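Undergrad: How does the following fold in three dimensions:
(chains A and B)
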Amino acid sequence: MESTALLQKVTAGMAFRGTPASLLSSSSASSHVARIKLGSRSVIRVSRLSGLTVKATHLNAYGFGTMPHNSTALKTVNKAVAVKTETGSTATAQQGHELLLFEALREGLEEEMERDPTVCVIGEDVGHYGGSYKVTKGMAEKFGDLRLLDTPIAENSFTGMAIGAAMTGLRPIVEGMNMGFLLLAFNQIANNCGMLHYTSGGQFTIPIVIRGPGGVGKQLGAEHSQRLESYFQSVPGLQMVACSTPYNAKGLMKAAIRSENPVILFEHVLLYNLKERIPDEEYVLCLEEAELVRPGQDITILTYSRMRHHVLQAVKTLVSKGYDPEVIDIRSLKPFDLFAIGNSVKKTHKVLIVEECMRTGGIGASLRAAIMENFFDELDAPIGCLSSQDVPTPYAGPLEDLTVVQPPQIVFAVEQLCKH
Amino acid sequence: MGWPRSIVGALQRLNQRGLAERGDLFLSISREYTLQRSVPGERHGYILRSFGANAYRSEAQERKSSIPVEIPVPYQLHKLSEGPPQHTQTTQDELMKYYRDMALIRRMEITADILFKSQQIRGFCHLYDGQEAVAVGLVEALTDDDSIITAYRDHGLYLARGGTLFECFSELMGKRTGCSGGKGGSMHLYNVKKRFYGGWGIVGTSAPLGAGLSFAHKYLNKKSVAVAIYGDGAANQGQIYEAKNLAALWDLPLILLVENNHFGMGTAEWRASKQITFYDRVHYIPGLKIDGMDVFAVREAICYAKEHCMSGKGPIVVECDTYRYHGHSMSDPGSTYRTHDEIKGIRQERDPINHVRKLILKEGFATADDLKSMDKEIRKEVEEAAAKAKEAPQPAKDALFAHIYKNDAALQFHGFVR
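TA: Residues are numbered from 1 along each chain as shown, chains lettered A, B, ... in the order given. Reported below is the predicted structural model:
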């Protein structure tokens, strides 16, 4: 197939960056493939085509990942959501309750709306429809049309309206159906929302939360696969956080609503069905803190949002190869938690940033500069940064997979950095 | 109502208390949390002839000797069966107050002109002289609970809405004593206590923000309106139409006030707009066009518009036909796109301060000499405030990073570092 040939050319050209040459499993490669079963839920295909070691093509527990589009043999895991294997007795003995990420967001939202009557949600299809990703499902019946306000398709003005309402004491939450649509409201967010506390000399605060799904999804096309964190990161006065698990989604949502500053909460289109057990008691996370996902000694891997899960996949491989990476989910994209990051760098002396932003001008670029400025003496190796390619996200599945960072690339990069 | 006037402060305090004490606030929010749509043709509630501050004033007027005033220019109406009256009442106190307020704004703008030319004021300086009647008439018709938001030509409204000369000049000169700490400048004058929401640099931004202000009023069940002011140049912005749709859809108590001074910087209205009227742009929002150089016309029209909004009928557009004597800003001489004769003609025929002056002299409330000495006094007051502001200190260096975020102490924020 000519598409395969093209892809092989592309991947061959990218080989110097550590991209496995057979990112796709094609039928021609199947003869070189051995299947290894690891545990009950994952399958790793080992390809000897390019001399590189591992290509992970499996549906993991979270229901996403690099899905080979012309593979024939991947039927091991069918459910998009993790199958519960616990018996009844162990389920009741465990603390907390299990839910999906969008339900965790909804829980946080409901708790805050019950706690404070001035909290309201403004966005397209948030009320009667229940939200395009079901985050606000059922809430309009409970809280009413005024507090779950269905707007016309006019991002510029309803974001402006939310900012005006925030100036007078409401705490609105603006939902962009997709973060990319908020580019239409860029003027409102950058000029009006971010700067008002400063230009009014502290007279006004804008306790607004702007949230929505962004990031590269499953063949949604270029305009619906945007990463707006790179555009908003230089607007002073904004705070940006990115959630990656149900636990931190609920905590960050609550913290963002309670914050007096404008906060942009970046969710990811592919993470809404993530399942996790979260505490029953109320908790609020700190907006400016990073999360230590896995302590380690060899290298610090900084990541956020969907890439956290790609990193964790790669970590499984790395651990089996004898590496001990420390994984930090930075969560706070603006301002960076350089305190936690610095402590980690002082321990491991090597940094790899794995992000979904474009290479040019993304969060990784800024983070790299910040770490270099502040912790240069601690570093034994140049800071590695794996970002998405500087291309509009293509529609075709294989091409889309090539634009974002995949676990094998992470493994390769860690191996290269650890040689220092 | 049962809760303090400063709603922002009160809600922030409430935020720190528990749920039990919030019960009264819950009750105050629109009870079924539904948006009540008005049925066209149905009138909600009863119409008060005068509203807010003007209500008290009109009672006082009945008692004291009040004089009738004609509003000569007829109103043009859009989707309204009857407009405000073409006549009103006023008293000596009122006339003197209007004269003084407008003369103060006029003198302030002339002084700002001089200060700009001597480089005490930098950047952009958009002057309001000629349009004083809109500011004074508007503030007269509203109460302190109503919200006002405008664009960059905000000096006059800042003063009319209770700002002090000293704070205004300080802000223009970038001093620490300015209303925004010297960090906003000419286009960012705000007064949170008096609900003056500024002061914005981007054209057309006041409409969606004003829709938000009126949305908050409606959400919190307050009997007040929001007035969003924009100009003829801004009227072609998409966000204005979007805001109009939102306001009409949800019957928000929003008065959209168009200060039509006929020029969008150097472009005359007929060169920028296919339709050069602004009060009838949208068929589902009623509007009226008034003489914006007549303070009484503005006052009556805003009273009328406030009644309209308070009776639940949704937004309304009030187009004020006004004029600015200066150019768009201090970098625009104002004469390349219009003639000096035109400006002089308007000054002679339609000047707002002259209109009130003529009334005062006609009724014998003061002599020409009295008014002249009042002018001198105002001039002295303004120049003293400007001198005092000149002596005021610049902002301290640590003000650079102050007010980026609220709770600055918790985020020691310099660049990225936490």
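Undergrad: how far does stretch A:106-120 sit from the chain's center?
TA: Chain-centre distance of stretch A:106-120: 24 Å, with C-alpha atoms, centre = their mean, to the nearest Å.
Undergrad: CA atoms only: put it into CSV for me.
TA: Output of stretch A:106-120 as CSV, limited to C-alpha atoms (Å, rounded to 0.1, in the frame of the first residue of the first chain):
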residue,chain,number,x,y,z
ARG,A,106,-19.0,16.9,37.6
GLU,A,107,-18.8,15.9,41.3
GLY,A,108,-16.4,18.8,41.9
LEU,A,109,-18.6,21.2,40.0
GLU,A,110,-21.7,20.1,41.9
GLU,A,111,-20.1,20.4,45.2
GLU,A,112,-18.9,23.9,44.5
MET,A,113,-22.3,24.9,43.1
GLU,A,114,-24.0,23.7,46.2
ARG,A,115,-21.5,25.4,48.4
ASP,A,116,-21.6,28.8,46.7
PRO,A,117,-24.7,30.1,45.0
THR,A,118,-22.8,32.5,42.9
VAL,A,119,-21.1,29.7,40.9
CYS,A,120,-22.7,29.2,37.5
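Undergrad: Any part of that stretch near chain B?
TA: Yes: Stretch A:106-120 reaches chain B (C-beta under 8 Å from any C-beta of the partner chain) through A:114-118, A:120. Using the backbone N, CA and C atoms, a C-beta is placed for each residue, glycine as well.
Undergrad: Which entries within those residues meet the buried criterion?
TA: A:115-118, A:120 (16 or more other C-beta atoms under 10 Å in any protein chain shown).
Undergrad: Among those, name the ones in helices.
TA: Using DSSP state H, the subset of these located in helices is A:R115.
Undergrad: Turn the buried ones among the residues of stretch A:106-120 next to chain B into TSV, columns for pLDDT.
TA: Putting those into TSV (pLDDT from 0 to 100) gives the following:
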residue	pLDDT
A:R115	95
A:D116	95
A:P117	95
A:T118	95
A:C120	96
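Undergrad: any chance of the buried ones among the residues of stretch A:106-120 next to chain B in CSV, plus distance to B:G238?
TA: Listed next are these as CSV, based on distance: C-beta to C-beta, whole Å:
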residue, distance to B:G238
A:R115, 37
A:D116, 33
A:P117, 33
A:T118, 29
A:C120, 24
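Undergrad: Go ahead and report the secondary structure state at the closest residue to chain B within the stretch 301-420 of chain A.
TA: Closest contact between the stretch 301-420 of chain A and chain B, by C-beta to the nearest C-beta, is at A:A370 (4.2 Å). Here A:A370 takes the helix state, with states given by DSSP: H, G, I helix; E, B strand; the rest coil.
Undergrad: quick one: it and B:I404, what's the gap?
TA: 17 Å (C-beta to C-beta, to the nearest Å).
Undergrad: How about A:L252?
TA: Counting by C-beta to C-beta - A:L252 and B:I404 are separated by 20 Å.
Undergrad: Who has more neighbours out of those two?
TA: Comparing A:L252 with B:I404 by neighbour count (other C-beta atoms under 10 Å in any protein chain shown), the higher total belongs to A:L252, at 29 against 20.
Undergrad: Give me the most central residue, chain B.
TA: Central residue check for chain B by C-alpha atoms, centre = their mean: the C-alpha nearest the mean position is that of B:L157, 4.8 Å away.
Undergrad: Name the nearest residue to that residue, ignoring sequence neighbours.
TA: B:A135 (4.8 Å; C-beta to C-beta, 6 or more residues apart in numbering or on different chains).
Undergrad: Identify the residues contacting B:K175.
TA: Applying C-beta atoms under 8 Å, 6 or more residues apart in numbering or on different chains to B:K175 gives the contacts B:182, B:389, B:392-395.
Undergrad: Which parts of chain B are helices?
TA: Using DSSP H, helices in chain B cover B:7-16, B:23-28, B:53-63, B:92-117, B:132-141, B:155-160, B:165-172, B:206-219, B:238-249, B:269-272, B:295-308, B:340-350, B:352-363, B:368-391.
Undergrad: among those, which is the most enclosed?
TA: The highest average neighbour count among the helices of chain B, using mean count of other C-beta atoms under 10 Å in any protein chain shown, belongs to helix B:206-219 at a mean of 30.
Undergrad: Okay, angle between that helix and helix B:238-249 too, please.
TA: Helix B:206-219 and helix B:238-249 are oriented at 20 degrees to each other (axes from the mean of the first three to the mean of the last three C-alpha atoms, to 10 degrees).
Undergrad: Against which helices or strands is helix B:206-219 packed?
TA: helix A:155-167, strand B:147-149, strand B:226-231, helix B:238-249, strand B:254-260 (3 or more C-beta pairs under 8 Å, 6 or more residues apart in numbering or on different chains; DSSP states H and E).
Undergrad: Any chance of the ones you listed in a markdown table with distance to A:G361 as columns?
TA: Listed next are the helices and strands packed on helix B:206-219 as a markdown table, based on distance: least, C-beta to C-beta, whole Å:
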| stretch | distance to A:G361 |
| --- | --- |
| helix A:155-167 | 23 |
| strand B:147-149 | 34 |
| strand B:226-231 | 34 |
| helix B:238-249 | 27 |
| strand B:254-260 | 39 |
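Undergrad: TSV for the ones you listed, including mean pLDDT?
TA: Shown next, in TSV, are these (pLDDT from 0 to 100):
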stretch	mean pLDDT
helix A:155-167	95
strand B:147-149	97
strand B:226-231	96
helix B:238-249	95
strand B:254-260	97
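Undergrad: Looking at these, which is nearest to B:M96?
TA: strand B:147-149 (23.6 Å; C-beta to C-beta).
Undergrad: contacts for that closest one?
TA: By C-beta under 8 Å, 6+ apart, strand B:147-149 touches A:164, A:168, B:138-139, B:142, B:157, B:161, B:195-198, B:200, B:206, B:209-210, B:213-214, B:217, B:224-229.
Undergrad: and A:I301, that one's in a helix?
TA: No: applying three-state DSSP, one finds A:I301 to be strand, outside a helix.
Undergrad: Pretty sure A:Y323 is one of the things it touches, is it not?
TA: No: A:I301 is beyond contact range of A:Y323, at 10.4 Å (criterion: C-beta atoms under 8 Å).
Undergrad: what's the overlap in contacts for these two?
TA: Counting by C-beta under 8 Å, 6+ apart, the residues touching both A:I301 and A:Y323 are A:V414.
Undergrad: quick one: which of those two has more around it?
TA: Using other C-beta under 10 Å as the criterion, A:I301 and A:Y323 rank with A:I301 on top: 33 against 18.
Undergrad: per-residue confidence for the more buried one?
TA: The score at A:I301 is 97. That number is its pLDDT.
Undergrad: residues in contact with it?
TA: For A:I301, counting by C-beta under 8 Å, 6+ apart, the contacting residues are A:311, A:315, A:325-328, A:351-354, A:410, A:414.
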